[in-house]
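Participant: Let me see the structure of the following:
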Amino acid sequence: MPHVDQVRNHARWRPGWRAGRTGYAWLLPLSDQPGLRKLVNDYQYALRDLPGFDLVPLEWMHILVQEIGFTDEIDEARIEPLVAATRKRLEAVLPLTLAFHHAVVQPESLSLPAEPQSTIIELRTAVREALADVLGEAAVPPEPEDVDKHVSLAHSTTDGPAIFAVATLSGTQVEPTTAKLPTLSLVKLNRDHSCSEWEKVTEVPLGS
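Facilitator: From the prediction side, this is the model:
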C-alpha cells in the first residue's frame, strides 16, 4: 500500500456525532496481542517527537468492522436478535490470522495495514448481511470509501505534506507480526477524545 503525499486533519466529528453520544459498532479489539503491541510501540517510539500527529493509546487499538447506528436511535430490544443473527452468519467465517509489518501514511492517519485484507472484507460482508436480516436493507449504514482494513498508530492533527511522516516510518526498523482473532466484539463506541473508545457489550465467536 503506497504512502499518500498529503495529510489532513483527522475528522473526529463525523456526521451525527457529538460529545457524549455513543453508537453501536462491531470491531476487532487488538490490545491483547503482544506481537502487535511491540510493533506499534516500536513505531510510536520513533513518532514521539513528530509534530502534527496524536498517537493512539495501545488500549484502544482496533479494526472497526461495521458501525451499526447511534444508541439513542436503536431500540435495545433489537440488539439480542442482531447478536443472534451475527452469530449465525459468523459460523461460516473462520477465526482470523492477520499479518502486520510496514506502516503507511494515509490521508488522516499513520496505519498498519492488516493482511490478507480479503479476510476482513469477508467478515464485514457477513456482519452487514446479519444487519440486513434484522434491521432491513435500508437500515444498514452505507459503506464508506475508507473502511478500516488497518490499525491506526496515530491520527493527523493538521493539514500538510506527509514527507516527514513517510521518512520516519521508512527509517524505523521493525519485525513483522501476526494476530490471531477468534472473536468479534459488539461495543458502544464514543468519539469524545482524539481516538475512538468503547465499552464492550458482548462478543461473538468466529467459526463456532
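
Participant: rest of the way, CA atoms for contacts and neighbours
Facilitator: OK.

Participant: other SSEs contacting the helix or strand containing Gln44?
Facilitator: Element membership for Gln44, per DSSP states H and E: helix 34-47. Helix 34-47 sits against strand 150-156, helix 163-170, strand 177-181, with contacts defined as 3 or more Cα pairs under 8 Å, 6 or more residues apart in numbering; DSSP states H and E.

Participant: hmm, try it at 10 Å
Facilitator: strand 53-55, strand 96-100, strand 109-113, strand 150-156, helix 163-170, strand 177-181 (3 or more Cα pairs under 10 Å, 6 or more residues apart in numbering; DSSP states H and E).

Participant: ok, and what's touching it?
Facilitator: Contacts of helix 34-47 with the rest of the structure, by Cα atoms under 10 Å, 6 or more residues apart in numbering, involve 30-31, 50, 53-59, 61, 99-103, 110-112, 151-154, 165, 168-169, 171-179.

Participant: Any of those residues buried? List them.
Facilitator: 30, 53-58, 61, 99-103, 110-112, 151-154, 165, 169, 174, 177-179 (16 or more other Cα atoms under 10 Å).

Participant: ok, which stretches of the chain are strands?
Facilitator: Counting by DSSP state E, the chain has strands at residues 6-7, 22-29, 53-55, 62-70, 96-100, 104-105, 109-113, 150-156, 160-161, 177-181, 183-190, 197-205.

Participant: Tell me the strands beside the last one, with direction?
Facilitator: The pairing partners recorded for strand 197-205 under DSSP bridges are strand 183-190 (antiparallel).

Participant: got the angle for the partner strand vs strand 96-100?
Facilitator: For strand 183-190 against strand 96-100, the angle by axes from the mean of the first three to the mean of the last three Cα atoms, to 10 degrees is 70 degrees.

Participant: Is it possible to get the strands of the chain out as CSV so that each row also shows mean pLDDT and distance to Ala138?
Facilitator: Listed next are these as CSV, based on pLDDT from 0 to 100; distance: least, Cα to Cα, whole Å:
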stretch, mean pLDDT, distance to Ala138
strand 6-7, 95, 33
strand 22-29, 95, 17
strand 53-55, 95, 36
strand 62-70, 93, 12
strand 96-100, 96, 29
strand 104-105, 97, 34
strand 109-113, 96, 30
strand 150-156, 94, 27
strand 160-161, 96, 38
strand 177-181, 97, 30
strand 183-190, 96, 21
strand 197-205, 96, 24
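
Participant: Ok, which of those strands comes nearest Glu137?
Facilitator: Among the strands of the chain, the nearest to Glu137 by Cα to Cα is strand 62-70 (12.1 Å).

Participant: Show me what that closest one is packed against.
Facilitator: strand 22-29, helix 117-135, strand 150-156, strand 183-190.

Participant: All good on my end, thank you.
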